[in-house]
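Enquirer: 3D, please:
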Amino acid sequence: VLDVIMNDHRELEIYYNNCLSTPDQDTKVRWQNQLVWKLARHSIGEELVIYPALEFHLPTPRGQEMADKDRESHHTIKEMLSDSKI
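Expert: Below you'll find the model as predicted:
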């Protein structure tokens, strides 16, 4: 599971960098669409599986803090996407 998450993070970073670096608007929109799709799939997986596992298996409040930090990070990225800041 961790390998999949780490691979997702690497791909998300590549998609993000491609969004920022491409001069062509059509290509940028395509990378943004890829980024949104990948982020949505990734976030749902973490929210359904990883965060509950962190909260359940790690001693309180560590698991809750880790899950909350990741949720906030995902929320920030989603806001950036919806505000077209990427």
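Enquirer: which residues sit against the lowest-mean-pLDDT helix or strand in the chain?
Expert: In the chain, the helix or strand scored least confidently by mean pLDDT, DSSP states H and E is helix 62-82, which has a mean of 87. For helix 62-82, the external contacting residues (Cβ atoms under 8 Å, 6 or more residues apart in numbering) are 32, 35-36, 39, 43, 46-47, 50-52, 54-58, 86. Bear in mind the C-beta positions are built from the backbone N, C-alpha and C, glycine included.
Enquirer: measure how far it is from the centre of its chain, please.
Expert: How far helix 62-82 lies from its chain's middle: 8 Å, per Cα atoms, centre = their mean, to the nearest Å.
Enquirer: how about that helix as PDB, C-alpha atoms only?
Expert: Coordinates of each C-alpha in helix 62-82 appear next as PDB, following Å, rounded to 0.1, in the frame of the first residue of the first chain:
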ATOM      1  CA  ARG A  62      -0.400  10.900  16.900                       C
ATOM      2  CA  GLY A  63      -2.600   9.000  14.400                       C
ATOM      3  CA  GLN A  64      -5.300  11.700  14.500                       C
ATOM      4  CA  GLU A  65      -2.700  14.400  14.000                       C
ATOM      5  CA  MET A  66      -1.100  12.700  11.000                       C
ATOM      6  CA  ALA A  67      -4.500  12.100   9.400                       C
ATOM      7  CA  ASP A  68      -5.600  15.600  10.000                       C
ATOM      8  CA  LYS A  69      -2.400  17.000   8.500                       C
ATOM      9  CA  ASP A  70      -2.800  15.000   5.400                       C
ATOM     10  CA  ARG A  71      -6.500  15.900   5.100                       C
ATOM     11  CA  GLU A  72      -5.600  19.600   5.300                       C
ATOM     12  CA  SER A  73      -2.900  19.200   2.700                       C
ATOM     13  CA  HIS A  74      -5.300  17.600   0.300                       C
ATOM     14  CA  HIS A  75      -7.900  20.300   1.000                       C
ATOM     15  CA  THR A  76      -5.400  23.000   0.200                       C
ATOM     16  CA  ILE A  77      -4.500  21.400  -3.100                       C
ATOM     17  CA  LYS A  78      -8.100  21.000  -4.000                       C
ATOM     18  CA  GLU A  79      -8.700  24.600  -3.300                       C
ATOM     19  CA  MET A  80      -5.800  25.600  -5.500                       C
ATOM     20  CA  LEU A  81      -7.200  23.500  -8.300                       C
ATOM     21  CA  SER A  82     -10.700  25.000  -7.900                       C
END
